[in-house]
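# sequence plus the predicted model coming up.
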Amino acid sequence: MLCENCQQRPATLHFTKIINGQKNEYHLCEQCAKEKGEMFSYDDSGFSFNNLLSGLLNFDPIKNGHQVITSPDQLRCKTCGLTFSQFKKMGKFGCHDCYNYFEPQLEPIFRRIHGNSQHIGKVPHRSGENIKIKREIVQLKEQLQRKILAEEFEEAAKLRDQIKALESKLSERRG
Amino acid sequence: MGLDRFVNQAISEWMKGNGPESDIVISSRVRLARNLKNYPFPTLATDSQAISVVEEVRKALDQREMKNISHFELIQLEDMTELQKRVLVEKHLISPNLAQDSRKGAVVLSENESISIMVNEEDHLRIQCLYPGLQIYDAWKMASRIDDIFEAELDYAFDEKRGYLTSCPTNVGTGIRASVMVHLPALVISGQINRIISAITQVGLTVRGIYGEGSEALGNIFQISNQITLGQSEEDIIENLYGVVKQIIDHEKQARSLLLRDSRIQIEDRVGRAYGTLLHAKIIDSKEAMGRLSDVRLGIDLKMIDSISPNIFNELMVLIQPGFLQHYAGEMTPFERDIKRAEIIRRKLTQHSN
């Protein structure tokens, strides 16, 4: 069946409209339906998740008694060119560097969405080797504190050596 | 070209096996959002950048470890017709989003369709593993394994503090969305479902209809998934979801046995009427069809009907969706579709009854 509007493309959308009890059937292609405004899209209509998110992002901290140091809307990601106000409108970052350039503004946003702002999950093997070592050092230091408090000095010395070894490994990797 | 195979078969191979708790849990899915460091996210990427991302993924697929998992096929979305895309959406292999804006998108599918990797959706990569029944841990393990293999070849956007960097701030951190699809007719019939949904949302999980965000819970099917991705480890997220789903399964089982004890005749009547309608209806819309199929499935689970396999329910759920119907029977008006739907249901049910 061809689109009843352009008579060229195949009609892919079929729908019935009832206005004042009058029933009409329409057969349109996607393009004509869009042009005629008959197409409802997945995310543009009314109260969507995106609207909700950008509402959250537009939340103004001043009104809530917090201090704001810079005017965040002026911030711009130097890598992809996205501005912070564009980010608020779209609810989407443009590239991974946006996370750096918008960093000061992101803490409250992540806290509002996730109740949290620090990743504690999986770390990639290849690029994350340093991060893994750092995490291990933090854990060993905690253990070390406990051993010292418990006056188990022999164990503590072993832990201290492990920490030293990891720290030098880390600086080698950086060097 | 392998596309036809993925489109023609209504039921993915993985669905034919029965997973644990399969009388209540239809499927378990884990999706990981990942991005490459050296390209803008898909929303801002130029066509040539997007094409390079697809090529990088193609290279990553070539690794031996990937071949050990399955044979994979990479298909560009622009090579598909609207209808083919819609069928893949109805099979949950791609998202409506990717189908709609598919200029630069691609999808990688494993042979049995339990693994699908979307390229250039909202994020460069969306690794998805979909298993039958309650197998959320296995789905996570497989997704994470593929993630590791990809990471050996691709430079991911990752930050020590924020984790995996995603296009949307709601996915940052682990990038994980774990979800379990459950059929809860007894909780709906007994009116307990709303209370349970509000309890679920208080522990960082969310409940949706079967085609994701904003879709209705057709056929008493609900999708329960994690909402928080930052500040919790993947294991914690999976464990939390698993624990909650286990409890819901218990509640549904209790509700089913109470229904049997107190209202057996009403349930038998309801199941019988639904079965009768499906066997004899000449015109049926998808909403009614999903409702009746849910009743019949309940009847099968409660041993009121023993002549059809529970798998028919899963298969029909996909088959009667508009995209599938059109794919099989060509262009149709909604009215013609309702007739075709009734015909397919009648045929399937009589074919499979003993």
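Structure's in. What do you need? Numbering: from 1, shown residues only, chains lettered A, B, ... in the order given.

# contacts only, for residue 147.
Using chain A here. By Cβ atoms under 8 Å, 6 or more residues apart in numbering or on different chains, the contact list for residue A:147 reads A:153, A:155, A:156, A:159. Every C-beta, even on glycine, is put in place using the N, C-alpha and C of the backbone.

# sorry, should have said chain B
A:122, B:32, B:34, B:127.

# could you find the lowest-pLDDT member of the residues you listed?
For the contacts of residue B:147, the minimum pLDDT belongs to residue A:122; the value there is 93.

# quick one, phi/psi of it?
With angles defined as degrees, to the nearest 10, residue A:122 shows backbone torsions of phi -60, psi 150.

# now do the one residue in chain A that gets nearest to chain B, the pLDDT please.
For chain A, the residue closest to chain B is residue A:116, as judged by Cβ to the nearest Cβ, at 2.5 Å. Reported pLDDT at residue A:116 in the predicted model: 88.

# then the one 4 residues further on?
pLDDT for residue A:120: 91.

# once you drop chain neighbours, what's closest to it?
Excluding the flanking residues, the one nearest residue A:120 by Cβ to Cβ, 6 or more residues apart in numbering or on different chains is residue B:233, at 5.5 Å.

# can you tell if the one helix or strand residue B:345 maps to touches chain A?
The secondary structure element spanning residue B:345 is helix B:334-352 (assigned by DSSP states H and E). Yes: using Cβ under 8 Å from any Cβ of the partner chain as the criterion, contacts between helix B:334-352 and chain A involve residue B:334.

# tell me how far residue A:153 lies from residue B:172.
In this structure, residue A:153 and residue B:172 are 43 Å apart, going by Cβ to Cβ, to the nearest Å.

# still on that earlier bit, any chance of the contacts of residue A:147 in a markdown table, with secondary structure too?
Converted to a markdown table, the contacts of residue A:147 look like this (DSSP: H, G, I helix; E, B strand; the rest coil):
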| residue | secondary structure |
| --- | --- |
| A:153 | helix |
| A:155 | helix |
| A:156 | helix |
| A:159 | helix |
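
# please indicate which of the residues you listed are buried?
Buried subset of those (neighbour count, 16 or more other Cβ atoms under 10 Å in any protein chain shown): A:156, A:159.

# now the contacts of residue A:147 as a markdown table including distance to residue B:95 and pLDDT?
Shown next, in a markdown table, are the contacts of residue A:147 (distance: Cβ to Cβ, whole Å; pLDDT from 0 to 100):
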| residue | distance to residue B:95 | pLDDT |
| --- | --- | --- |
| A:153 | 58 | 90 |
| A:155 | 52 | 90 |
| A:156 | 53 | 91 |
| A:159 | 48 | 91 |
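
# residue A:113: what's it in contact with?
Taking Cβ under 8 Å, 6+ apart as the definition of contact, the neighbours of residue A:113 are A:56, B:169, B:170, B:228, B:230.

# got a pLDDT number for the residue of the stretch 101-250 of chain B found nearest chain A?
Among the residues of the stretch 101-250 of chain B, residue B:231 lies closest to chain A, at 2.5 Å counting by Cβ to the nearest Cβ. Model confidence at residue B:231, expressed as pLDDT, equals 93.

# any stretches of chain B with poor pLDDT?
The model of chain B has pLDDT under 70 over residues B:1-2, B:14, B:17, B:102, B:210-217, B:352-354.

# quick one, longest helix in it?
Once chain B is assigned using DSSP state H, the helix that runs over the most residues is helix B:234-280.

# tell me the contacts of residue B:168?
Residues in contact with residue B:168, defined by Cβ under 8 Å, 6+ apart, are A:53, A:91, A:92, A:93, B:122.

# helices along the stretch 51-200 of chain B, start to end?
Taking DSSP state H, counting those that start in this stretch as the criterion, the stretch 51-200 of chain B contains helices spanning B:64-69, B:82-90, B:96-100, B:136-151, B:185-189, B:193-201.

# CSV for those helices, including distance to residue B:286?
What follows is the helices of the stretch 51-200 of chain B, written out as CSV (distance: least, Cβ to Cβ, whole Å):
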stretch, distance to residue B:286
helix B:64-69, 35
helix B:82-90, 11
helix B:96-100, 16
helix B:136-151, 27
helix B:185-189, 17
helix B:193-201, 21
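
# with that, I have no additional questions.
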